[in-house]
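A.B. asks: how would this look folded up:
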Amino acid sequence: MSTIRDLTELVPPPAKPLFADDENSWAAVQKRLGVRLPAEMAHFGRTYGSGRFDGGAGRLQIYNPFDPLYEAVVRSVSDVYLGLREDSPHWLPYDFYPEPGGLFPIAYADGRGTMVFLLMDPATPEKHVVVYDDRWDGIAEYPQRMFDFLFDFLGNRIEEHYFREQIRFVPERHYAPEQ
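C.D. replies: Have a look, this model is predicted:
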């Protein structure tokens with residue numbers, strides 16, 4: 001089972017993470033979104049803040065729950081996928097946030113234009129499956145926790161050769177949904 005320490009050994013976090021907040025912010029984010037998120041998301045946000053993992057052509061932006069644009073990004077991505085599901089229910093046989101138990105967006109892999117979601121059991125948010133929407137190969141489910149998925153993804157064990165160079169974490173703000 002991978003931990004935040006495993007991630008920081010693989011890819012060191014920035015000295016001063018952008019938007020790394022406190023416990024009060026974590027509770028407020030969950031309340032505003034109406035979901036109980038895995039604690040891993042808070043650990044990630046406090047350790048890395050907002051930004052992306054960059055390894056040459058491969059980039060992975062994890063949505064930081066403490067970024068001021070977080071809620072807008074989550075809602076915008078979910079709205080896009082709700083629309084896509086309406087148009088192609090055979091391709092997207094999932095519910096999406098804010099639907100109960102719906103897939104919750106956590107990351108964007110912009111080297112491939114794909115999304116990473118959590119499929120959470122509302123009663124036990126620490127037990128979840130990561131769904132990787134690879135637009136070329138279809139949707140894949142990984143019965144893993146978020147840190148396990150990130151550790152495997154960043155180590156090129158999920159998608160071989162995605163990161164072709166030494167991976168580093170680049171602090172940056174989330175993209176506004178209208179961009």
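
A.B. asks: List the residues that contact the residue lying closest to P171 once chain neighbours are set aside.
C.D. replies: Among residues not flanking P171 along the chain, G51 sits closest, at 4.1 Å (CB to CB, 6 or more residues apart in numbering). From N, CA and C alone the C-beta is placed, and that goes for glycine too. Residues near G51 by CB atoms under 8 Å, 6 or more residues apart in numbering: P14, P17, L18, Q61, N64, F169, V170, P171, E172.

A.B. asks: Show me the shaky parts of the protein.
C.D. replies: Scanning the chain for pLDDT under 70 picks out the ranges 22-24, 111-113, 120-129, 134-138, 159-162, 175-179.

A.B. asks: what residue is smack in the middle of it?
C.D. replies: Nearest to the geometric centre of the chain sits I106, at 2.2 Å (CA atoms, centre = their mean).

A.B. asks: surely it meets V131?
C.D. replies: No. Taking CB atoms under 8 Å as the definition, I106 is not a contact partner of V131, at 9.8 Å.

A.B. asks: Mutual contacts of these two, please.
C.D. replies: V116, F117, L118.

A.B. asks: What segments of the chain are helices?
C.D. replies: Here the chain has its helices, by DSSP state H, at 4-10, 23-33, 39-48, 70-87, 146-154.

A.B. asks: Switch those over to JSON lines, and while doing so, append mean neighbour count and distance to E99 to every line.
C.D. replies: Shown next, in JSON lines, are these (neighbours: other CB atoms under 10 Å; distance: least, CB to CB, whole Å):
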{"stretch": "helix 4-10", "mean neighbour count": "14", "distance to E99": "29"}
{"stretch": "helix 23-33", "mean neighbour count": "14", "distance to E99": "13"}
{"stretch": "helix 39-48", "mean neighbour count": "21", "distance to E99": "19"}
{"stretch": "helix 70-87", "mean neighbour count": "16", "distance to E99": "8"}
{"stretch": "helix 146-154", "mean neighbour count": "22", "distance to E99": "20"}
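
A.B. asks: So which of those is nearest A140?
C.D. replies: Taking CB to CB, helix 146-154 is the member of those nearest to A140, at 10.8 Å.

A.B. asks: by contact count, what packs against the closest one?
C.D. replies: Packing contacts for helix 146-154, counted by 3 or more CB pairs under 8 Å, 6 or more residues apart in numbering; DSSP states H and E, involve helix 4-10, helix 39-48, strand 58-62, strand 114-121, strand 124-134.
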